[in-house]
Structure formats: C-alpha cells, structure tokens
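**Q** structure, please.
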Amino acid sequence: MPYYIYKITAGPTALVKTLEKLEQHDSFKEAKARARTMRASIGAGDDHQIKVMFADTELEAEEKLMEKREAPILREWEK
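**A** Purely as a prediction, here's the structure:
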C-alpha cells in the first residue's frame, strides 16, 4: 500500500477541511523524509498542515483524514 502526503487547510468550520494530495511514495522512510522537508519549509503565517497517510487508495486516505477524531483524555500524571 502506498503512503500519501497531503496538505490540509482548515475550512470555514472545524468539520470542513481542504485536502490537496501532494505526493505518493511506496516506502514510509521516503514519505516521512519528504514530509519533514515540506514541514520545515512552512512559513510562520501559513495555516496548513502536512500529513502522511497510509491507505489502499486516495479515496480511503482522504476519508481517514476527514474523520472527526476525539481529543485524547489526559490523565493527571500525563499533564
């Protein structure tokens, strides 16, 4: 399965995101290195994120990125 690199920009609400597929790689090592390079080039005023997603297809990757995920519960000792 390939690794997809996406640029994620926040939309008008928390549920709406704009996804733009930037690249596709066959190995995690390549995708991770490329994503780190892209993140390092993001300026202070930019309001987007770069994420790597592992999925069978582009559609599946985009569905996973659009999922609403609950914030993790922090335990007292984790603060």
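**Q** from now on I want contacts and neighbour counts done on CA atoms only, so please keep to that.
**A** OK.
**Q** now the host helix or strand of Ile50: buried residues?
**A** Ile50 belongs to strand 48-54 when assigned by DSSP states H and E. By neighbour count on 16 or more other C-alpha atoms under 10 Å, the buried set for strand 48-54 is His48, Ile50, Lys51, Val52, Met53, Phe54.
**Q** wait, isn't Phe54 in contact with Tyr6?
**A** No - counting by C-alpha atoms under 8 Å, Phe54 does not reach Tyr6; the two are 11.0 Å apart.
**Q** give the contact list for the spatially most central residue of the chain.
**A** The residue lying closest to the centre of the chain (C-alpha atoms, centre = their mean) is Lys51, at 2.4 Å. Taking C-alpha atoms under 8 Å, 6 or more residues apart in numbering, we find Lys51 in contact with Ile5, Tyr6, Lys7, Ile8, Ala35.
**Q** mind redoing it with 7 Å?
**A** Ile5, Tyr6, Lys7 (C-alpha atoms under 7 Å, 6 or more residues apart in numbering).
**Q** show me what the first one is bridged to.
**A** Right, the one you point to is Ile5. Beta-bridge partners recorded for Ile5 (DSSP bridges): Glu23, Val52.
**Q** scan this structure for its longest helix.
**A** Longest among the helix segments of the chain by residue count, using DSSP state H, is helix 28-40.
**Q** so which elements touch that one?
**A** For helix 28-40, the packing partners by 3 or more C-alpha pairs under 7 Å, 6 or more residues apart in numbering; DSSP states H and E come out as strand 3-10, strand 48-54.
**Q** ok and that helix relative to strand 3-10, angle-wise?
**A** Going by axes from the mean of the first three to the mean of the last three C-alpha atoms, to 10 degrees, helix 28-40 is angled at 30 degrees with respect to strand 3-10.
**Q** closest to Ile42 among the contacts of Lys51?
**A** Nearest to Ile42 out of the contacts of Lys51 is Lys7 (C-alpha to C-alpha; 10.9 Å).
**Q** just to check, that closest one is in contact with Val52?
**A** No - taking C-alpha atoms under 7 Å as the definition, Lys7 is not a contact partner of Val52, at 9.2 Å.
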